[in-house]
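Student: return a 3D structure for these sequence lines:
(2 chains)
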Amino acid sequence: MSKKVLTTPIKDEDLKDIRIGDIIYLTGTLVTCRDVAHRRLIEEKIPLPVDLKGKAIFHAGPIVRDLGNEEYEIVSIGPTTSMRMEKFEKEFIEETGVKLIVGKGGMGKNTEEGCRTHKALHLVFPAGNAVYAATSVEQIKEVHWKDLGMPESLWVCEVNEFGPLIVSIDAEGNNIFEENKVEFNKKKEEQYKLISEQVRFIK
Amino acid sequence: MSIIIDKVQQKEKMTNLMSKFISLVSYKLPDDVENRLKELSEEEDNRLAKIIYKTMFENQKLAYELKRPSCQDTGVLQFFVKCGENFPLIGQLDSILKNSVYKSTQETPLRHNSVETFDEYNTGKNIGDGSPSIFWEIEEDSDKVEIYTYMAGGGCTLPGVATVLMPGEGYEGVVKFVLDRMTSYGINACPPLLVGVGVGTSVETAAMNSKKALMRSVGSRNENENAAKMEKLLEDGINAIGLGPQGLKGSKSVMGVNVVNTARHPSTIGVAVNTGCWSHRRGKITFDSNLNYEINTHEGVTL
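Tutor: So this is what the prediction gives:
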């Protein structure tokens, strides 16, 4: 099977045949954006300094080396827990027109709805693999909101075949983590019953 | 006077060594974790799980070659210190550890993770009020110091939880408490996890025990027969849930379950869970009184 690469700007129709569990790669603009940036846009109504329409955000706080003269180098960059942004993501998609949200772990009902209504995907980059990820960042083009500190700044990156990105919510709102959870919880109950009988140490 | 100068030099020497050690921990996993990940990957036949393991091994190789933090979230550093009463730098150790974190942050570099609470600003130095965290034990009749260095990211810190159960809930309640956490927060904590379970009187004793459990090596067993039995039952049980790497399903969920226990009040069972992600960056270094060092967790590695 050939490598599925999406290039920014991404259009609605680029996403229509992509389903949960698929693996894609990204070429183009990827902007790091996490807790405070979401809070500023949605709660504080402060417009983002970057146009995200058709582009991708990364729930990530990288390690960046400052080379001076507004030049920077990515040392390590990997995803952070996406669920922290769940509260804001639906409105975030609505406001910005962002097409890909890259992070780790699942997201919830709000994001599902955002992805379905506005045609967007949530993707998982396997977490903890920050050097591997850094090797497909070609350059940092801009940085905004540096007052937030290194992890929370908006680092505007140009990436080339960035991935593997595992589709966790598709543009129809299907959610791989929610499907898995049903199975995990059922198995958990079975295991709880089995183990409980064997740990009755208080007689 | 010469004793004072000597102490200044020794302090500088230990700061440099600790700073290099912190860097090492950021880019190389301990042997027990590396070995278990290899074993787990070999048992895997799920399509996504296999791709994820492949990415992990490639990442660790790159991190070691390039000497860069293998995961960008290098945590707020934690140190578990067992210091001999006669270790010559016993009084300087807190400042040595703090300075070594700062130095390593500049040089490795590590991520700036220290945010002053309530004032809500990132210090930009990776150190702050009370961070790094340093936990002490003093050892009688010894002139050595053992230091566990631990880098836990936000993802595997989030599942941390402690409570106090009534004795009527028993160890069955402990099992429920642990399992519930696995299928909720555990999924996002970068499995396969190392699960630390602490049992004791109250929230703080249980919490400290659960963190100490994460310092124990993968595959080790509690000396108490019942505790060891519970470790095995929980490990097999959580594995049977099949979280897989990144919670995207697979044949296993955890690297292991370690329990650390201390005596409890008759009316309470304090219990806590802490998790270490697959990128479980801990290292143990031991210094003698002349600052000769031994690295106990990474065989064949020198600073």
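
Student: remind me, longest helix of chain A?
Tutor: helix A:176-196 (DSSP state H).

Student: show me where chain A has its helices.
Tutor: In chain A, the helices defined using DSSP H lie at A:35-42, A:86-96, A:109-118, A:130-134, A:176-196.

Student: any part of the third one near chain B?
Tutor: Read it as helix A:109-118. No. Counting by C-beta under 8 Å from any C-beta of the partner chain, chain B has no neighbours in helix A:109-118; the shortest distance is 13.8 Å. C-betas here are computed from N, CA, C, even on glycine.

Student: please apply the same query to the second one.
Tutor: No. Counting by C-beta under 8 Å from any C-beta, no contacts exist between helix A:86-96 and chain B, the nearest distance being 11.0 Å.

Student: how about the strands in chain A?
Tutor: Here chain A has its strands, by DSSP state E, at A:5-7, A:23-32, A:56-58, A:63-68, A:71-76, A:100-103, A:121-124, A:137-144, A:154-169.

Student: what does the fourth one rub up against?
Tutor: The contact list for strand A:63-68, computed with C-beta atoms under 8 Å, 6 or more residues apart in numbering or on different chains, reads A:72-77, A:130, A:140, A:150, A:155, B:68-69, B:72, B:74, B:109-111.

Student: quick one, which of those are buried?
Tutor: Buried members of the contacts of strand A:63-68, scored by 16 or more other C-beta atoms under 10 Å in any protein chain shown, are A:72, A:74-77, A:130, A:140, A:150, A:155, B:68-69, B:72, B:74, B:109-111.

Student: which of the residues you listed lies at the shortest distance from B:E137?
Tutor: Closest approach between those and B:E137, by C-beta to C-beta: B:T74, at 24.7 Å.

Student: next up, phi/psi of that closest one, please.
Tutor: Per-residue torsions, B:T74: phi -90, psi 10 (degrees, to the nearest 10).

Student: once you drop chain neighbours, what's closest to it?
Tutor: Excluding its sequence neighbours, the residue lying closest to B:T74 (C-beta to C-beta, 6 or more residues apart in numbering or on different chains) is B:L110, at 4.2 Å.

Student: which non-adjacent residue is nearest the residue in the stretch 151-300 of chain B that chain A sits nearest to?
Tutor: Closest contact between the stretch 151-300 of chain B and chain A, by C-beta to the nearest C-beta, is at B:N188 (3.2 Å). Spatially, and ignoring its direct neighbours in sequence, B:N188 is nearest to A:G105 (3.2 Å; C-beta to C-beta, 6+ apart).

Student: contacting residues for the one you found?
Tutor: Applying C-beta under 8 Å, 6+ apart to A:G105 gives the contacts A:81-83, A:124, A:127, A:177, B:155, B:187-188, B:246-247.

Student: just the pLDDT for it.
Tutor: In this prediction, A:G105 carries a pLDDT score of 93.

Student: and B:D6, by the same measure?
Tutor: pLDDT, read off for B:D6, is 89.

Student: what does A:G78 give?
Tutor: Here the pLDDT value assigned to A:G78 is 94.

Student: contacting residues around it?
Tutor: A:60, A:62, A:104, A:125, A:127-130, A:133, B:71-73.

Student: quick check: the gap between B:T163 and B:F177.
Tutor: 7 Å (C-beta to C-beta, to the nearest Å).

Student: intersection of neighbour lists for these two?
Tutor: When contacts are counted by C-beta under 8 Å, 6+ apart, the set common to B:T163 and B:F177 consists of B:V271.

Student: double-check that B:V101 belongs to a strand.
Tutor: No. Checked against DSSP: H, G, I helix; E, B strand; the rest coil, B:V101 lies outside a strand; its state is helix.

Student: neighbours of it, just the number please.
Tutor: Around B:V101 there are 25 other residues, counting by other C-beta atoms under 10 Å in any protein chain shown.

Student: check the gap between it and chain A for me.
Tutor: Distance of B:V101 to chain A, computed by C-beta to the nearest C-beta, to the nearest Å: 15 Å.

Student: residues of the worst-scoring helix or strand of chain A on mean pLDDT that come out buried?
Tutor: Sorted by mean pLDDT, DSSP states H and E, the helices and strands of chain A end with strand A:63-68, the least confident at a mean of 93. Neighbour-count burial for strand A:63-68 flags A:63-64 (criterion: 16+ other C-beta under 10 Å).

Student: sheet-wise, list the partners of that strand with their directions.
Tutor: Note on strand A:63-68: by DSSP bridges, its sheet partners are strand A:71-76 (antiparallel).

Student: stretch B:70-89: end-to-end distance?
Tutor: 31 Å (C-alpha to C-alpha, to the nearest Å).

Student: now do the contacts for the nearest residue to A:G173 once chain neighbours are set aside.
Tutor: Nearest non-adjacent residue to A:G173, counting by C-beta to C-beta, 6+ apart: A:R116, 3.4 Å away. Taking C-beta under 8 Å, 6+ apart, we find A:R116 in contact with A:171-173.

Student: same check, this time on A:E95
Tutor: By C-beta under 8 Å, 6+ apart, the residues touching A:E95 are A:41-42.

Student: B:F135 now?
Tutor: Listed by C-beta under 8 Å, 6+ apart, the contact set of B:F135 reads B:78-81, B:208.

Student: take these and write them to a markdown table, including neighbour count and pLDDT.
Tutor: Shown next, in a markdown table, are the contacts of B:F135 (neighbours: other C-beta atoms under 10 Å in any protein chain shown; pLDDT from 0 to 100):
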| residue | neighbour count | pLDDT |
| --- | --- | --- |
| B:Q78 | 20 | 98 |
| B:F79 | 21 | 98 |
| B:F80 | 21 | 98 |
| B:V81 | 19 | 98 |
| B:M208 | 19 | 98 |
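
Student: wait, A:G114 sits on A:E94?
Tutor: Yes. Between A:G114 and A:E94 there is a contact at 6.7 Å, judged by C-beta atoms under 8 Å.

Student: out of those two, which sits in the more crowded spot?
Tutor: Per other C-beta under 10 Å, whichever of A:G114 and A:E94 has more neighbours is A:G114, with 24 against 15.

Student: let me see the ranges of the helices in chain B.
Tutor: Along chain B, counting by DSSP H, helices occupy B:2-27, B:31-42, B:47-66, B:93-107, B:154-157, B:170-183, B:203-215, B:225-241.

Student: contacts for the last one, please.
Tutor: When you say that, I think you mean helix B:225-241. Under the criterion C-beta under 8 Å, 6+ apart, residues A:184, A:187-188, A:190-192, A:194-195, A:198-199, A:201, B:171, B:174-175, B:178-179, B:182-183, B:195, B:197, B:199, B:221-222, B:251-254, B:256-259, B:261 lie in contact with helix B:225-241.
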